[in-house]
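>>> sequence-free structure coming up:
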Ligand code: FCB
């Protein structure tokens, strides 16, 4: 038996736009994801998050499922335009009331709320005035954070400022494959910088308001491995690491962008201002924990992509999920060690980890997702190994409690421990639900 520490948090995760639905109910404002999904051609299967898992109405049933699963924590995000329809100013009390009801239900179930402030659904009203490219959004974020800390401060166990700022910046403003769907690398750099500043402001407000819980950020981190031993491929992998990992880790823990990336982007003709002394102090305030979202590693070689000059490589003989992501549990172990040794966070939470497979109920209605079980088991194993070697990992959150709206892929990708039949909103626990239930009950891997 490989046991987990007594106070280790076993949880599950979701995000507002992916599950809530009720996109225009009870005074909610439009978000950039409403706009993006409503624009034809953006979502692979032509669906939207208008209804999604209808969690806005089914939350009590969903909390009951979590209670049955036995989790000690639930990570969800608050929809900014649900509580502040224009992004700032007038508060939508009905929106706040929804999260109050949810938090109450969680309390009754003995589940600790873990709240993400920003999981990508920016109020469209702010986007119309420049979105994350604009300082106005940075300021509005600090005020939004203040509202939430003041309202829910003492009921929330962990606060997460941003979910995956890299995705917001680069896929959102350079690749254009997620909202707001821009294709401008200069804009993406500006957004990344502003997201880090906004994070800093929120942490400062948090220390001022001083609620009971702890605060951190959730980064999508991933080892970047060279496809071959060739020097140009090794350089490409290090550059990709700078783009994806160090570009956020270095400012958060050392107060500045990595020198090699500053030089690289400047050589490419982009403007990227290093943080000033005051900004450094803001961005690198001590965090209570670092959240890591981990799914896979990146294998890269030198390539034709105009900015980074790298290219992803698919290796023969490896296993890939339905997202096309390699199953690579060693990467989680490697990452935890690297972050612990290079950046020394006070604590680490694995804020997302999970597996995508095309699950279909069998004739008797059960869903036999053996591959997901194998994935989760291998990752928990890697995690356990890192903990036993002294790495400060305090929690683990499976993405996701249930199938949901997978952004650009709509409903065509399933990550849940619970199957969702979108036509009826019926929830069916998959076999992996019972696997995770056993791990939690025994607080150990068999
Ligand atoms: C992460 C997102 C999360 C989910 C998973 C599969 O990048 O944070 O919302 O979509 O991927």
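Happy to help now that I have it. Everything numeric in this text was worked out from a predicted model, so none of it was measured. Numbers count the residues shown, from 1 in each chain.
>>> shouldn't residue 308 be in contact with residue 241?
No: between residue 308 and residue 241 no contact is recorded; they are 11.1 Å apart, counting by C-beta atoms under 8 Å. For glycine as for every other residue, the C-beta is placed from the backbone atoms N, C-alpha and C.
>>> now the helices for the stretch 51-200 of the chain?
Applying DSSP state H, counting those that start in this stretch to the stretch 51-200 of the chain gives helices spanning 55-69, 80-83, 93-108, 124-127, 135-152, 165-170, 185-209.
>>> of those helices, which approaches the ligand most closely?
Of all the helices of the stretch 51-200 of the chain, helix 165-170 sits nearest to the ligand, with 5.9 Å by C-beta to the nearest ligand atom.
>>> contacts for the closest one?
Counting by C-beta atoms under 8 Å, 6 or more residues apart in numbering, helix 165-170 makes contact with 118, 120, 132, 162, 178, 188-189, 191-192, 195-196, 199, 217, 219-220, 243-244, 247-248, all of which sit outside it.
>>> Report how many residues lie close to the nearest residue to residue 418 once chain neighbours are set aside.
Nearest in space to residue 418, with sequence neighbours left out and distances taken as C-beta to C-beta, 6 or more residues apart in numbering, is residue 402 at 4.1 Å. Using other C-beta atoms under 10 Å as the criterion, residue 402 is surrounded by 26 other residues.
>>> Torsion angles phi and psi at residue 402?
When quoted as degrees, to the nearest 10, the phi and psi of residue 402 stand at phi -140, psi 160.
>>> Help me confirm that it comes into contact with residue 62.
Yes: between residue 402 and residue 62 a contact is recorded at 7.1 Å, counting by C-beta under 8 Å.
>>> Which residues are in contact with each of those two?
Common neighbours of residue 402 and residue 62 (criterion: C-beta under 8 Å, 6+ apart): 19, 53, 427.
>>> and which of the residues you listed is nearest to the ligand?
Proximity of those to the ligand was ranked by C-beta to the nearest ligand atom; the top entry is residue 19 with 10.0 Å.
>>> got the contact list for the closest one?
Applying C-beta under 8 Å, 6+ apart, the residues near residue 19 are 52, 53, 55, 62, 402, 404, 405.
>>> And for residue 260?
238, 239, 242.
>>> Just name whatever secondary elements whichever strand or helix holds the first one is in contact with.
So the one you mean is residue 238. Here residue 238 is covered by helix 231-241, with elements defined by DSSP states H and E. For helix 231-241, the elements it packs on are strand 224-226, helix 259-267, strand 298-302, strand 310-312, judged by 3 or more C-beta pairs under 8 Å, 6 or more residues apart in numbering; DSSP states H and E.
>>> Burial check on the residue in the stretch 251-400 of the chain that the ligand sits nearest to, number of neighbours?
Sorted by distance to the ligand under C-beta to the nearest ligand atom, the residues of the stretch 251-400 of the chain start with residue 399, at 5.2 Å. Residue crowding around residue 399 was assessed by other C-beta under 10 Å; the count is 24.
>>> Now for the nearest residue to it once chain neighbours are set aside, how many residues are close by?
Closest residue to residue 399 apart from its sequence neighbours, by C-beta to C-beta, 6+ apart: residue 354 at 3.6 Å. In terms of burial, residue 354 registers 23 neighbours under the definition other C-beta under 10 Å.
>>> Correct me if wrong: residue 354 contacts residue 400.
Yes: look at residue 354 against residue 400 with C-beta under 8 Å: they come within range, at 6.2 Å.
>>> Need the residues touching each of these two.
For the pair residue 354 and residue 400, residues contacting each of them under the criterion C-beta under 8 Å, 6+ apart are residue 415.
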